[in-house]
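Trainee: Turn this into a model:
(one chain, ligands or ions: 2)
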Amino acid sequence: MYLYTAQAMREADQRAVAMGYPSLLLMEAAGKQAASRLLQRFEGRAVDVLCGKGNNGGDGLVAARWLAHWGHPVRVYAAEGQTGDAAVARQALLAHGLEIAPLSAWEPAPHSVVLDALFGTGLRGPLEGFYAALVEKVNQSGLPVVAVDLPSGLPHRPHIQADLTVALAGLKNEHLFYPHRAACGRIVLESIGMPPRALHNPHLPEVLCKTSMRPLLPARPGNAHKGLVGRVLVAGGYRSYTGAPSLAALGAYRTGAGLVTVAYPADCVVNPPLEAVRLPLLEWNHADLQAVRAEAVAVGMGAAAGGVRAALAALELGKPTVLDADALHKQVLSAYVKAGLPTVLTPHPGEASRLLEIPSEQIARAPLEAAQALAERYPGLVVVLKGGPTVLAWQPQEAPLSPPLLAVNSSGNPSMATGGMGDVLSGVVAALLAAGLSAWEAARLGVYLHGLAGDLASKPGLLAHEVAEALPSAMRQLQLGGVRDFWEPC
Ligand SMILES: NC(=O)C1=CN([C@@H]2O[C@H](COP(=O)(O)OP(=O)(O)OC[C@H]3O[C@@H](n4cnc5c(N)ncnc54)[C@H](O)[C@@H]3O)[C@@H](O)[C@H]2O)[C@@H](O)CC1
Ligand SMILES: [K+]
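Mentor: Numbering: from 1, shown residues only. Ligands and ions are numbered 1, 2, ... in the order given. Predicted structure coming up:
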């Protein structure tokens, strides 16, 4: 499943039409499904449908017809001048004997619900004048609002603040990225019958979801022993950052690693899980690390200035590696690019800002672009840019001229914004690398499982080790089909 821009969705629509699929069928499905989702949530309220001139308005006209047909009180307010499918939708509505009032006549009615079909993906630029005032009037009415496809006005201001958004055919950027996502309220995705071939577009970012992530779960053979399912070496720790390697070790064990060894400076007190092997070191050197039996390495957590030395020593092991926190330095990344090892780097926006030398606000505003820039700068390394949502990018070394592969995570929640969460993630990804997944697979599944565990454990004051403890349930639920993507109806 992909994440669409307005342009990419228009192209999908055009491909469907070129394949012979009538666009009117899409509008009919869109309107009917929006109407039924509205009723599911706001049954018993009269509905005011506000329709623009374009196809988003056409969806609203279809919705109004079905609402009336099903016997619900509905008032329709629409702009003049529909063309194409939207004009057909208007005719069909009139044929049912409904009246259409001008948008300027709309006044909030107590106990009603507003269906916002003013603007969708065709909006060009911010709303002004009459439409800006109408959107403000809807927001100030205090009435519940169901938005068709997108809250009208997004991605600009002003925009509708919706309680429910019925996304059509595919998720758009605004449905996943803040602050726009907050304007959508609950999001339900309706396929509206769009032919899957029309939606197919591997140049778009992938949305990590249960369907694509489940097949990546490593199988545990019946004759499994701890040396067969992936062993992880965690290398990190510095005087005041002693928890980080322990959390990474816990993340790795809870993702199924067979054995975890924690290497840390001998002058710091690290308390890894009882099940971990401890390796206190006087100096970060390759010879000591070489003795550890491990199929993957996670390096950097809380290692302070030692992070670079630890990462360069780990590089000589020639194993798939996760680089986090104090290992995220340009000289380290360049050395890993040169080595061509499966490598995942997991910066947060502050670390990405340091690596890219751009302000972290710019990264927060356009995380996909930032992850893409890092992937292009360090070809072959998989970039996991942590945030809400976490995004991923990878420029395969063997295809330097193709655009990087991109992905956006759909699991996780704001309660995960606490210390140590990234350390757990490093351990999760390292365990999946050790289990034999490629760097791109391990990073995507790791990010998704970590978010899913955060969703299962979600509560105010959530701690990183609690997310690690929820990982086994997350994996079990994903395996057994018990997971719900956030856009699925309840
Ligand atoms: N896959 C698809 O592409 C489908 C799209 N459908 C609907 O079609 C919508 C897109 O339809 P359209 O492309 O017709 O676009 P919209 O209906 O979103 O908006 C286009 C209208 O808005 C006006 N407009 C644009 N910017 C404006 C501004 N800043 N201020 C005032 N007016 C402005 C345009 O002149 C035009 O009349 C989707 O969001 C969805 O609701 C569905 O009907 C079914 C299938
Ligand atoms: K809308």
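Trainee: Give the buried residues for stretch 293-313.
Mentor: 294-304, 306-313 (16 or more other CB atoms under 10 Å). Heads up, the C-betas are built off the backbone N, CA and C, glycines and all.
Trainee: Now do the end-to-end distance for that stretch.
Mentor: 15 Å (CA to CA, to the nearest Å).
Trainee: Report the buried residues of stretch 224-232.
Mentor: 229, 230, 231, 232.
Trainee: Alpha carbons of that stretch, in CSV - could you do that?
Mentor: Presented in CSV, the C-alpha positions along stretch 224-232 are these (Å, rounded to 0.1, in the frame of the first residue of the first chain):
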residue,chain,number,x,y,z
ALA,A,224,15.6,-23.9,17.1
HIS,A,225,18.4,-23.3,19.5
LYS,A,226,19.9,-20.1,20.7
GLY,A,227,22.7,-20.1,18.1
LEU,A,228,20.3,-20.6,15.2
VAL,A,229,17.8,-17.8,15.7
GLY,A,230,20.2,-14.8,15.7
ARG,A,231,22.6,-13.5,18.3
VAL,A,232,23.2,-9.8,18.8
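Trainee: before we move on, back to that, could I get the buried residues of stretch 224-232 in CSV, plus columns for pLDDT?
Mentor: Below are those laid out as CSV (pLDDT from 0 to 100):
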residue, pLDDT
229, 88
230, 95
231, 97
232, 98
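Trainee: For ligand 2, what's the nearest residue on the stretch 201-350 of the chain?
Mentor: residue 207 (20.9 Å; CB to the ion).
Trainee: Return the residues in contact with that residue.
Mentor: 1, 2, 3, 171, 176, 407, 408, 410 (CB atoms under 8 Å, 6 or more residues apart in numbering).
Trainee: Could you check how far the residue nearest the centre of the chain is from ligand 2?
Mentor: Centroid check for the chain by CA atoms, centre = their mean gives residue 409 as the closest residue, at 2.8 Å. Note on residue 409: its distance to ligand 2, by CB to the ion, to the nearest Å, is 26 Å.
Trainee: Show me the beta-bridge partners of that residue.
Mentor: Bridge pairing for residue 409 (DSSP bridges) gives the partners residue 208.
Trainee: Roughly how far does it sit from residue 310?
Mentor: Here residue 409 is placed at a distance of 27 Å from residue 310 (CB to CB, to the nearest Å).
Trainee: do residue 1 as well
Mentor: 38 Å.
Trainee: Could you list the buried residues of stretch 77-89?
Mentor: 77, 78, 79, 82, 85, 86, 88, 89.
Trainee: so which of these comes closest to residue 182?
Mentor: residue 77 (26.2 Å; CB to CB).
Trainee: give the contact list for that closest one.
Mentor: 48, 49, 50, 51, 100, 101, 102, 103, 105, 106.
Trainee: Are any of those buried, and if so which?
Mentor: By 16+ other CB under 10 Å, these give 48, 49, 50, 51, 100, 103, 106 as buried.
Trainee: Ligand 1 next: which of those are close?
Mentor: Of the residues in those, proximity to ligand 1 by CB under 6 Å from any ligand atom holds for none.
Trainee: and which of the residues you listed is nearest to ligand 2?
Mentor: residue 50 (8.6 Å).
Trainee: partners of the helix or strand where that closest one lies, with directions?
Mentor: Applying DSSP states H and E as the criterion places residue 50 in strand 46-51. Take DSSP bridges as the rule and strand 46-51 pairs in its sheet with strand 74-78 (parallel), strand 112-117 (parallel).
Trainee: what's in contact with the last one?
Mentor: Strand 112-117 has contacts (CB under 8 Å, 6+ apart) with 34-35, 38, 42, 45-52, 56-61, 63-64, 138, 141, 143-148, 151-152, 160, 162.
Trainee: ok, the residue in the stretch 251-400 of the chain positioned nearest to ligand 2 - contacts?
Mentor: Nearest to ligand 2 in the stretch 251-400 of the chain, going by CB to the ion, is residue 389, at a distance of 22.5 Å. Counting by CB under 8 Å, 6+ apart, residue 389 makes contact with 176, 177, 408, 409, 410, 412.
Trainee: so how far is residue 349 from the first one?
Mentor: The gap separating residue 176 from residue 349 is 16 Å, by CB to CB.
Trainee: In terms of secondary structure, what does the helix or strand residue 426 falls within contact?
Mentor: When elements are assigned from DSSP H and E, residue 426 belongs to helix 421-434. Using 3 or more CB pairs under 8 Å, 6 or more residues apart in numbering; DSSP states H and E, the elements in contact with helix 421-434 are strand 231-235, helix 243-254, strand 296-299, strand 321-323, helix 439-457, helix 464-480.
Trainee: These: which one's closest to ligand 1?
Mentor: helix 439-457 (26.4 Å; CB to the nearest ligand atom).
Trainee: In the stretch 351-490 of the chain, which residue sits closest to ligand 1?
Mentor: Counting by CB to the nearest ligand atom, the stretch 351-490 of the chain gets nearest to ligand 1 through residue 487 (15.8 Å).
Trainee: Which strand or helix spans that residue?
Mentor: Applying DSSP H and E, one finds residue 487 in no helix or strand.
Trainee: quick one on the thing from earlier: now pLDDT and distance to residue 318 too, for the buried ones among the contacts of residue 77, in TSV please.
Mentor: Below are the buried ones among the contacts of residue 77 laid out as TSV (pLDDT from 0 to 100; distance: CB to CB, whole Å):
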residue	pLDDT	distance to residue 318
48	98	65
49	98	63
50	98	62
51	98	62
100	98	70
103	98	66
106	98	67
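Trainee: could these be laid out in a markdown table, adding distance to residue 478?
Mentor: Converted to a markdown table, those look like this (distance: CB to CB, whole Å):
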| residue | distance to residue 478 |
| --- | --- |
| 48 | 41 |
| 49 | 39 |
| 50 | 40 |
| 51 | 41 |
| 100 | 48 |
| 103 | 46 |
| 106 | 45 |
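Trainee: now, among those residues, which is nearest to residue 370?
Mentor: residue 50 (36.8 Å).
Trainee: Domains in this structure, by residue range?
Mentor: If you go by automatic domain parsing, the domain ranges for the chain are 3-201, 210-480.
Trainee: Among these, show me which one is buried the most.
Mentor: Most buried of the domains of the chain, by mean neighbour count (mean count of other CB atoms under 10 Å): domain 210-480, with a mean of 21.
Trainee: so how far is that domain from its chain's centroid?
Mentor: Put simply, domain 210-480 sits 18 Å off its chain's centre (CA atoms, centre = their mean, to the nearest Å).
Trainee: Endpoints of it, how far apart?
Mentor: 11 Å.
Trainee: do stretch 375-392 as well
Mentor: 9 Å.
Trainee: Give the rounded mean pLDDT of that stretch.
Mentor: Across stretch 375-392, the average pLDDT comes to 97.
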